[in-house]
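K.L.:
Predicted model and sequence below, questions to follow.
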2 protein chains.
Amino acid sequence: MERWKYFCDHYFNFKAVGLGIDVSKIDDFDGVFAKIDRKAIFKEMATLESGAIANSDENRMVGHYWLRNPAIAPSDDLKRAITDVWSNLDRFVYAVHSGDICGQSGKFKNVLCIGIGGSALGPQLACKALSQKPRNKMALAFLDNTDPDGIDYILGKLNGKLDETLVIVTSKSGGTPETRNGMLEVANAYGQAGLVFSRHAIAITCEDSQLDRQAKKEGWLKRFPMWDWVGGRTSIASVVGLLPMALQGIDYKKFLNGMRDVDSLTRVHEKTNPALLLATAWYAATKGKGEKAMVVLPYKDRLALFSKFLQQLIMESLGKKLDRDGKVVEQGLTVYGNKGSTDQHAYVQQLRDGPNNFFVTFIEVLEDRDGQSMDIEEDITAGDYLEGFLLGTRQALYENHRESLAITIDRVDEHHLGVLIGLYERAVSFYASMVNINAYHQPGVEAGKKAANTILKLQKSILQHLRNNPKQSFSAEAIAKATESGDVETVFKLLEHLEGNRRIQCTRGSNLQQNSYQYLI
Amino acid sequence: MERWKYFCDHYFNFKAVGLGIDVSKIDDFDGVFAKIDRKAIFKEMATLESGAIANSDENRMVGHYWLRNPAIAPSDDLKRAITDVWSNLDRFVYAVHSGDICGQSGKFKNVLCIGIGGSALGPQLACKALSQKPRNKMALAFLDNTDPDGIDYILGKLNGKLDETLVIVTSKSGGTPETRNGMLEVANAYGQAGLVFSRHAIAITCEDSQLDRQAKKEGWLKRFPMWDWVGGRTSIASVVGLLPMALQGIDYKKFLNGMRDVDSLTRVHEKTNPALLLATAWYAATKGKGEKAMVVLPYKDRLALFSKFLQQLIMESLGKKLDRDGKVVEQGLTVYGNKGSTDQHAYVQQLRDGPNNFFVTFIEVLEDRDGQSMDIEEDITAGDYLEGFLLGTRQALYENHRESLAITIDRVDEHHLGVLIGLYERAVSFYASMVNINAYHQPGVEAGKKAANTILKLQKSILQHLRNNPKQSFSAEAIAKATESGDVETVFKLLEHLEGNRRIQCTRGSNLQQNSYQYLI
């Protein structure tokens, strides 16, 4: 009875939105909750929502909470911008579905989304989670990398169908190389197939970006706006997420309303605030330092991509070197997971017996399926097994002092996916407040991009040098010298990659260092 | 030059199998390597390969290394068993492809694999990584859970095509509930469609298992053997992995030869042993205690499932409470990751700036695609960008003292996938030796299963109680009492799940503990 009382005190049912949160298996929840400066958190959140420059590094407002409730946007222009997109989108999607807007040889049947990061994960998650029965209005494919073989794989699937494929290119600036490369390869494939790319393409991008100008110049079917006040990882409620959803046949308004409804709940200054429960639990489980990883286990196939979505939302938001006072803190919160009960057969062995370096978030979905289930045994369905595995695993982990959260939703549909994502977006905002970091920028990814650019320049010099000296062979060291690069290792790696693609030749002796690997063009 | 020399000393090229390993960015590699008791490791491995009872808990040999080289199996019976399967498999697949073995209305075009854990991840990885161009001989689908909605999703895709779908049910014992449930649901769907399930089904299972007997009795198309000396997570080289591969059109012999070839290299008692390099690097990066997580980043779309495969192989093998002397050690090695450069837009922000609680394994694939690439810029292809991002990210991480390994393969094909998996299987064996744990059992998953069974029994009692008292409503507390369960929380969770599936009714007041939630049938 003691245990049941404790459970009841730590189980919160938000029936209005179809959400339950159970923090009863996070040991120090109460202690941490008592210490949180809730006032400060809510004040900060109110400031952010009112249009303050919350992303001070990039001098930007942070407006993803407005996207599902334009009424709270800080200006009439912004309100109108948001609702205008909805009507544009509705008209456009209606015209595509009806065939009024079509490709060179008729109605569009497929959608190819080209984008990466925030421009891919949201639509991918929604596409899988909300897949319609018996079938979607259009079939969605995604190109989210600059891997040539991966591009060939997608183009192979669309082979002979490009004329009935609508291509969405999503890039804020138009300068994201993966997206631009994908677009160029796909445009090339359209050309090869004797088709005009621009008659099948639409752009989602910031006004007057490189991509926007290209789409305008080439007369693409449509351009939709992105805004600098929406970060990629929180862009699912913008046209980035909504357009693919709508094309697939998903009622995105229900999705937005789910987000809006949970947003109202997450503005409540009480314990009965689901996002505050989550952020507090994270803090309690990881001591506010990300000491443990968050393992995300939805017991539902449709939500298999949710952990991947959260990896981006949480790790990119919270993984920060400096706090807001400039102090080195190396904050973060590692997220991984796939789905239950499948993962029980993969790594729950380690979760139970191995290092206690994680806490689990179980996601329970009450409704097993549309309609009735057959009995597997008397009174037991396949879904009862799923539920039994969830409860049993949670129990077994707790017996071994492994903490966990449980989130319950009624079913996976537009509304509840909106609720889940809105909940996590706010929890990230709260947690960032608690640990005093900026959740809305990503300074750490620049270094890798810069290094990549230097490396690509180096490759050009290498090829130039080899071309200037045809049929002569050189070691990596000699080429590094000739190209005035101090970085022989990178020169070597580039040479190996060039040779692996038959663009240069190589003879390999036994000793790399003694220059017995020689390259020529 | 100093750096280049250091790199050369820590870069190993196994050109014979098309593999490179670079441990130059694992700081304490040399120190750890010097301390390893290599003799003991190799002795143990030789004992295992010669057929010792290496899985002493379950009193079983550990024979996955024989699967690709039956010549080393410890008895003629075993040798014959392995090669017999190959010829059976070849004949069967030939007959399926030619239409000699067919479904009720003709040739099989699709394969539905029902299995979970080791019976799913291997085939899923191979199916994606080795997908044929322009198309596979047969289209593969997977059912790897007991989620009713997930089952409906797969059955929806196969709607109207069940008669041309070959169903493979894979379960060692036949008792794995997820697999059995999936089979029953699928068999039911065949029945609903007026088809005879047994005429479309084959079983992969241990001789005389529950599943084996059922398949025999019902006259399924074929039964293939599983052996107790092959663990699920190392079963990809058994018929579990090979049959789906062969049906898809993959040359599984090349895959096996890749494994066999890398196996020879991993028996070399020198530094030039790729699996020893890997295991040493893991030990050095995590202090032999799994102190850091292994982030697996293949820069290749085809390998996007590799980290999921490794999660199982590594975490289930190494996540152990006790060492082999019975001492509590809570060993393990956390694995997560998806693919580059995609993940750079998700969580590399945290990897660079956040907690230094991981090391990365970059997987580089030299060949970008079949055939030539177009230039994106002068002398720069989409694949050069991919390579540039890999090198740039690795550099940027290292500048921030984040360690990483790099593995290079020539291309993703049957041979190289075999090399990669064989390499990791052996590295796991070595690492387990180094930290003195049993890598071949999984005692920790039993507790969750047992708890689940208790929970399912409890559900039956709950339904019985409500049926015995129709139209009367009860609180969770009252039902717990009536069913003699001390666990009100679980009773409550089961009631909520039952109600979520319209099997009982509920009225909810405001206070759970005060019994204001009442349930009736």
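P.N.:
Everything's here; your move. Everything numeric here is computed off the predicted structure, so don't read it as measured data. Residues are numbered from 1 along each chain as shown, chains lettered A, B, ... in the order given.

K.L.:
ends of stretch A:437-454, how far apart?
P.N.:
One end of stretch A:437-454 sits 30 Å from the other (C-alpha to C-alpha, to the nearest Å).

K.L.:
and that stretch, how far out from the chain's middle?
P.N.:
17 Å (C-alpha atoms, centre = their mean, to the nearest Å).

K.L.:
ok, now stretch A:327-338?
P.N.:
With C-alpha atoms, centre = their mean, you get 16 Å for stretch A:327-338.

K.L.:
May I see the buried residues of it?
P.N.:
A:329, A:330, A:331, A:332, A:333, A:334, A:335, A:336, A:337, A:338 (16 or more other C-beta atoms under 10 Å in any protein chain shown). Placement of C-beta: from N, CA and C, glycine included.

K.L.:
same question, stretch A:365-381
P.N.:
For stretch A:365-381, by 16+ other C-beta under 10 Å, it's A:365, A:366, A:367, A:368, A:369, A:373, A:376, A:379, A:380, A:381.

K.L.:
That stretch close to chain B?
P.N.:
Yes: contact of stretch A:365-381 with chain B (C-beta under 8 Å from any C-beta of the partner chain) involves A:366, A:367, A:368, A:369, A:370, A:373, A:374, A:376, A:378, A:379, A:380, A:381.

K.L.:
Same list (the buried residues of stretch A:327-338) but as JSON lines, adding distance to chain B, secondary structure and pLDDT.
P.N.:
Putting these into JSON lines (distance: C-beta to the nearest C-beta, whole Å; DSSP: H, G, I helix; E, B strand; the rest coil; pLDDT from 0 to 100) gives the following:
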{"residue": "A:329", "distance to chain B": "9", "secondary structure": "strand", "pLDDT": "98"}
{"residue": "A:330", "distance to chain B": "5", "secondary structure": "strand", "pLDDT": "98"}
{"residue": "A:331", "distance to chain B": "6", "secondary structure": "strand", "pLDDT": "98"}
{"residue": "A:332", "distance to chain B": "3", "secondary structure": "coil", "pLDDT": "98"}
{"residue": "A:333", "distance to chain B": "8", "secondary structure": "coil", "pLDDT": "98"}
{"residue": "A:334", "distance to chain B": "7", "secondary structure": "coil", "pLDDT": "98"}
{"residue": "A:335", "distance to chain B": "8", "secondary structure": "strand", "pLDDT": "98"}
{"residue": "A:336", "distance to chain B": "4", "secondary structure": "strand", "pLDDT": "98"}
{"residue": "A:337", "distance to chain B": "8", "secondary structure": "coil", "pLDDT": "97"}
{"residue": "A:338", "distance to chain B": "7", "secondary structure": "coil", "pLDDT": "97"}
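
K.L.:
In TSV, list those residues along with distance to residue B:520.
P.N.:
Below are the buried residues of stretch A:327-338 laid out as TSV (distance: C-beta to C-beta, whole Å):
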residue	distance to residue B:520
A:329	53
A:330	54
A:331	49
A:332	48
A:333	43
A:334	45
A:335	40
A:336	41
A:337	36
A:338	37
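
K.L.:
what's the farthest-apart pair in those?
P.N.:
For the buried residues of stretch A:327-338, the farthest-apart pair by C-beta to C-beta is A:329 and A:338; their separation is 29.9 Å.

K.L.:
Strands of the stretch 401-521 of chain A, start to end?
P.N.:
A:404-409, A:505-508, A:517-520 (DSSP state E, counting those that start in this stretch).

K.L.:
Tell me the spatial nearest neighbour of residue A:107, not counting adjacent residues.
P.N.:
Among residues not flanking residue A:107 along the chain, residue A:99 sits closest, at 4.3 Å (C-beta to C-beta, 6 or more residues apart in numbering or on different chains).

K.L.:
Can you tell me the number of residues neighbouring that neighbour?
P.N.:
11 (other C-beta atoms under 10 Å in any protein chain shown).

K.L.:
these two touch, right, it and residue A:138?
P.N.:
No: between residue A:99 and residue A:138 there is no contact under C-beta atoms under 8 Å: 11.9 Å.

K.L.:
interface residues of the stretch 101-250 of chain A facing chain B?
P.N.:
Residues of the stretch 101-250 of chain A lying near chain B (C-beta under 8 Å from any C-beta): A:116-118, A:120-121, A:131, A:133-135, A:144-153, A:156, A:159, A:177-178, A:180-182, A:184-185, A:188, A:232.

K.L.:
buried sites along the strand or helix carrying residue A:283?
P.N.:
Under the criterion of DSSP states H and E, residue A:283 resides in helix A:274-286. Neighbour-count burial for helix A:274-286, counted by 16+ other C-beta under 10 Å, picks out A:274-286.

K.L.:
what does stretch A:507-521 give?
P.N.:
Quick answer for stretch A:507-521 (16+ other C-beta under 10 Å): A:512, A:513, A:517, A:518, A:519, A:521.

K.L.:
For burial, what's the neighbour tally of the nearest residue to the second one once chain neighbours are set aside?
P.N.:
Nearest residue to residue A:513 in three dimensions, chain neighbours excluded: residue B:8, at 3.7 Å (C-beta to C-beta, 6+ apart). A count of neighbours around residue B:8, defined by other C-beta under 10 Å, yields 19.

K.L.:
Surely residue B:8 is in contact with residue A:515?
P.N.:
No: counting by C-beta under 8 Å, residue A:515 is not a contact partner of residue B:8; they are 10.2 Å apart.

K.L.:
Contact partners for the residue of the stretch 401-521 of chain A found nearest chain B?
P.N.:
Proximity of the stretch 401-521 of chain A to chain B (C-beta to the nearest C-beta) peaks at residue A:500, 2.8 Å away. Contacts for residue A:500 were tallied using C-beta atoms under 8 Å, 6 or more residues apart in numbering or on different chains; they are B:366, B:367, B:368, B:410, B:411.

K.L.:
Is it correct that residue A:172 is in contact with residue A:229?
P.N.:
No: using C-beta under 8 Å, residue A:172 makes no contact with residue A:229, being 11.2 Å away.

K.L.:
so how far is the helix or strand harbouring residue A:7 from its chain's centroid?
P.N.:
In the assignment (DSSP H and E), residue A:7 maps to helix A:2-9. Relative to the centre of its chain, helix A:2-9 is centred 36 Å away, using C-alpha atoms, centre = their mean.

K.L.:
what are the pairing partners of whatever helix or strand comes next after that helix, and which direction each?
P.N.:
Tracing the chain past helix A:2-9, the next element assigned as helix or strand by DSSP H and E is strand A:11-14. When pairs are called by DSSP bridges, strand A:11-14 turns out to pair with strand A:19-25 (antiparallel).

K.L.:
tilt between the partner strand and helix A:274-286?
P.N.:
Counting by axes from the mean of the first three to the mean of the last three C-alpha atoms, to 10 degrees, strand A:19-25 lies at 20 degrees to helix A:274-286.

K.L.:
how close does residue A:112 sit to chain B?
P.N.:
15 Å (C-beta to the nearest C-beta, to the nearest Å).

K.L.:
about what we covered before: can you lay out the residues of stretch A:365-381 next to chain B as a markdown table showing pLDDT, secondary structure and distance to residue A:206?
P.N.:
Compiled in a markdown table, the residues of stretch A:365-381 next to chain B are given as follows (pLDDT from 0 to 100; DSSP: H, G, I helix; E, B strand; the rest coil; distance: C-beta to C-beta, whole Å):
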| residue | pLDDT | secondary structure | distance to residue A:206 |
| --- | --- | --- | --- |
| A:366 | 98 | coil | 41 |
| A:367 | 98 | coil | 40 |
| A:368 | 98 | coil | 43 |
| A:369 | 97 | coil | 42 |
| A:370 | 94 | coil | 40 |
| A:373 | 97 | coil | 48 |
| A:374 | 97 | coil | 52 |
| A:376 | 96 | coil | 53 |
| A:378 | 94 | coil | 60 |
| A:379 | 96 | coil | 57 |
| A:380 | 97 | strand | 54 |
| A:381 | 98 | coil | 49 |
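
K.L.:
of those residues, closest to residue B:355?
P.N.:
residue A:366 (35.3 Å).

K.L.:
so that closest one makes contact with residue A:407?
P.N.:
No: using C-beta under 8 Å, residue A:366 is not in contact with residue A:407; the gap is 11.5 Å.
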